[in-house]
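**Q** Predicted model and sequence below, questions to follow.
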Amino acid sequence: MDKIILLKYGEIILKGLNRPIFEDMLMKNIKQMADGANIKIWKAQATIYVEPLDEQVDIDDLAIKFSRVFGLVSSAVAYVVEKDLEKICALASKLIEDSIGTTFKVDSKRADKRFPYTSQEISREVGGVILDDHPHLTVDVHNPEFRVKVEVRDFAAYVYLNKIPGVGGMPIGTNGKATLLLSGGIDSPVAGYMVAKRGVELNAVHFYSYPYTSERAKEKVLDLAKILAGYCGKINVNIVPFTEIQLAINEKCPPEQMTIIMRRIMMYITNNIAKKFGSYALVTGESIGQVASQTIQSLAVTDDAAEMPVFRPLIGMDKEEIIVIARKIGTFETSILPYEDCCTVFTPKHPNTKPSLERIKQSESLLDLETMMKKAIDDTETITLTRG
Amino acid sequence: MDIYFDNSATTKPHNSVIDAMVNMMKDAYGNPSSLHTKGVEAERMVKKAREHVAKALKVNADEVYFTSCGTESNNIAILGIAMAQRIKGEVITTKVEHKSVTEPFKYLEKMGFKVHYLDVDSSGIIDLSKLEELLNDNTQLVSIIQVNNECGMVQPIKEISRIIKRKNEKTLLHIDAVQGFCKVELPKNCADLISISAHKIHGPKGVAALYVRKGVKISPIIYGGGQEKSLRSGTENTPAIVGFGVAAELAKKEDNYNYVLNLKNTMLEKIIDSIPNVYINSPQESSPYILNISVMGIRSEILLHSLEQRGVYVSSGSACSSNRPKPSHVLIAMGFSMERVDSSIRISFCPNNTMQEVLSACEILIEVVQNINKLGALKNNG
């Protein structure tokens, strides 16, 4: 029996004349996700079809992978059958032999209006045959335990049982580039995911305080970036050596200003790297009030250091809400590994929660920022992570 | 140049160990359970290895069982003895054991055994009179670590053994000798069960052994094809077992105690002379192979990574528990302050280390500590 993957897209359908631009980018991202598998891919009637061209292709695995492509709302492995009602019924009845549950519903769609039966008629016929063949099943149109989907389209009819919900959003590459400040905690990967989901191509910056944090902390950040790459396709992570700058701040500036000055210097450096990568915005995982550097006052002082707009998709979320997403996208387990901040030595006991920009700038002037930042940027290591 | 001072975590395998293992994989790859020549050949090699290990431990070869790691040896010893008991009685251990002993005992507690955890003094040694007090007719098992993996203190095994046999001759004594094997003399015939491991004596990882005195009733915790006289079923890890044999044979040949002691004492003197604010956590009479210190005000990880940058590898607490940011239960049991526990590092030697390495490492350590201390403000913030 021939199998094919049917992919449905969501928001793009609402686009007007520029819709082909989005569709083409989506197709390109799907191809990239297929990672060289021998497939034929085409679109028709707001559906993307993926047909495996040889036996090597693991179609179920591909369908799962495609469900992580931004822009798609569902992915399903469907069986292909002639546009003949009797054959459709026979196939549907055979497919449900292994399905779990006792109640079902048939959903039909007739995209090919030349087909002599309406969708209601198709559903009724298919349901009838299933009931005849499987006496243990009953129909429940409101809360079925499983659904049988029948689509009659241009070239053939398709029958499938389970569709995998897609991640939604917009195709990556249709909304420009942004640079994510990736720490290794729970929040920043989620923030990156949320922005990437809207079609933004991401690159990331991580500040590395070896030997005050361990090499494993860096490994962890790369692992997180790799998980994000599973959605985005590819992410460049810039590892910026930050120890010398931290030591200098620690030496010259008042301890209660340590964190806020650090955040500002991170912004300066990220700005610089973001420009190199063609980004138009920065992304952080901050949410109001979570830590001292995330009060409105502190955020305002931090923002002053960033030339580009800083997007904080988690700004109004509670930790619990962030964790729900982190679990869903698969970064949570990695984020909670205990290697980050193996040293909290740079965190002041009583950080300033209401910093004044003027005073912070005064303290900053004690530092030879230009030289230090140039060195940090020159010594930055760029690591490219791809999915797989 | 790298100076590897983390030999209690693991040691570098000897070249002859590696050669023997490669040979086992290339040529003598048979399964010892097979009836044909290939099987017999592998069986013969395993037998030879068992003899070498037994000799190094001064026991009979038929009392040595190969396992996959020290943790497994400890688990089989403790859980295996417990499962072989008809009633759930009392068992005794200490507060300074390796996790692979502490955790099985916690499990026994859940199973309904009464578990006693002996306190230690500031040198990490148990109170013998307290042990004597706890022993009674219901005591089924005592498990004690010979050389502690974090601080190197050596428990008085001979006295412990004597007290136990005098109070209740049926009580079994298990010794976790993973850090002491081939390094610190273990009195002969003192224990009913002994755990040892290959990779602490320049053998491979993935193999260890458990000595079980003949006549001791013990149940397996892994069931299967009946290998290792049914105590530890599963196809033998023949290359690793043979590597273990070679390592044990080499370790037995030479007595390095005084050589290593000299390394440790030199290091100790230099540290005490040149680093202010240092505490020596290893007691005076401890294993020459382990030196645990705390440089007050410098957290373990910072010192560890700073030393690493200069090519000196040490450990913060014990490597097995460093992945978890939990303070060492051993140092806490010894009654040290949190600050002291948080800044402890373990320097551990092997006979391949040279005096030159010790001197360079001391220089580097002193420099690194000075550099970190220069950032005086750090301490005030933290």
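**A** All right, it came through fine.
**Q** Show me where chain B has its helices.
**A** Using DSSP state H, the helices of chain B run over B:15-26, B:37-57, B:70-83, B:99-111, B:128-134, B:157-167, B:238-253, B:257-274, B:300-309, B:329-333, B:338-342, B:355-374, B:376-381.
**Q** Could you list the low-pLDDT ranges of the stretch 151-300 of chain B?
**A** Within the stretch 151-300 of chain B, no stretch has pLDDT under 70.
**Q** residues near the residue in it that chain A sits nearest to, how many?
**A** Minimum separation of the stretch 151-300 of chain B from chain A (C-beta to the nearest C-beta) falls at B:Arg299, amounting to 5.9 Å. The way it works is simple: take the backbone N, C-alpha and C, and place the C-beta from them, glycine included. By other C-beta atoms under 10 Å in any protein chain shown, 22 other residues sit near B:Arg299.
**Q** now swap in A:Leu224 and tell me
**A** 29.
**Q** pLDDT wise, what is whichever residue of chain A sits closest to chain B at?
**A** In chain A, the residue that lies nearest chain B is A:Pro211 (2.8 Å; C-beta to the nearest C-beta). You'll see A:Pro211 listed with a pLDDT of 80.
**Q** circling back to that earlier point, in TSV, list the helices of chain B along with mean neighbour count.
**A** Below are the helices of chain B laid out as TSV (neighbours: other C-beta atoms under 10 Å in any protein chain shown):
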stretch	mean neighbour count
helix B:15-26	16
helix B:37-57	19
helix B:70-83	24
helix B:99-111	17
helix B:128-134	14
helix B:157-167	17
helix B:238-253	24
helix B:257-274	16
helix B:300-309	21
helix B:329-333	21
helix B:338-342	16
helix B:355-374	17
helix B:376-381	14
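**Q** Please name whichever of the ones you listed is nearest to A:Asp132.
**A** Nearest to A:Asp132 among the helices of chain B is helix B:99-111 (55.4 Å), distances taken as C-beta to C-beta.
**Q** element containing A:Ala217, please.
**A** A:Ala217 belongs to helix A:215-232 when assigned by DSSP states H and E.
**Q** what does A:Ile261 give?
**A** Going by DSSP H and E, A:Ile261 is in helix A:258-276.
**Q** From A:Ala37, how far off is the nearest residue to A:Thr174 once chain neighbours are set aside?
**A** Leaving aside its chain neighbours, A:Thr174 sits nearest to A:Gly199 (4.1 Å; criterion: C-beta to C-beta, 6 or more residues apart in numbering or on different chains). According to C-beta to C-beta, to the nearest Å, A:Gly199 stands 24 Å off from A:Ala37.
**Q** lowest-confidence stretch among the helices of chain B?
**A** helix B:376-381 has the lowest average pLDDT among the helices of chain B, namely a mean of 44.
**Q** What parts of the stretch 101-250 of chain A come near chain B?
**A** By the rule C-beta under 8 Å from any C-beta of the partner chain, the part of the stretch 101-250 of chain A lying against chain B is A:210-212, A:214-215, A:247, A:250.
**Q** Recalculate using a threshold of 6 Å.
**A** Within the stretch 101-250 of chain A, the positions lying close to chain B (C-beta under 6 Å from any C-beta of the partner chain) are A:211-212, A:250.
**Q** Narrow those residues to those in helices?
**A** Per DSSP H, helices hold the following members of those: A:Asn250.
**Q** In JSON lines, list the residues of the stretch 101-250 of chain A next to chain B along with neighbour count.
**A** Converted to JSON lines, those look like this (neighbours: other C-beta under 10 Å):
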{"residue": "A:Pro211", "neighbour count": "20"}
{"residue": "A:Tyr212", "neighbour count": "24"}
{"residue": "A:Asn250", "neighbour count": "20"}
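**Q** Which one of the residues of the stretch 101-250 of chain A next to chain B is nearest to B:Gln356?
**A** Nearest member of those to B:Gln356, counting by C-beta to C-beta, is A:Pro211, at 24.4 Å.
**Q** pLDDT score assigned to whichever residue of the stretch 1-150 of chain B sits closest to chain A?
**A** Minimum separation of the stretch 1-150 of chain B from chain A (C-beta to the nearest C-beta) falls at B:Asp6, amounting to 14.5 Å. pLDDT, B:Asp6: 97.
**Q** was I right about it contacting B:Glu308?
**A** No: using C-beta atoms under 6 Å, B:Asp6 makes no contact with B:Glu308, being 10.1 Å away.
**Q** Who's the closest spatial neighbour of B:Gly206, skipping the chain neighbours?
**A** Leaving aside its sequence neighbours, B:Gly206 sits nearest to B:Ala240 (C-beta to C-beta, 6+ apart; 4.8 Å).
**Q** from memory the one you found sits against B:Lys205, does it?
**A** No: judged on C-beta under 6 Å, B:Ala240 makes no contact with B:Lys205 at a distance of 7.7 Å.
**Q** Residue of chain B closest to chain A, please.
**A** B:His305 (2.8 Å).
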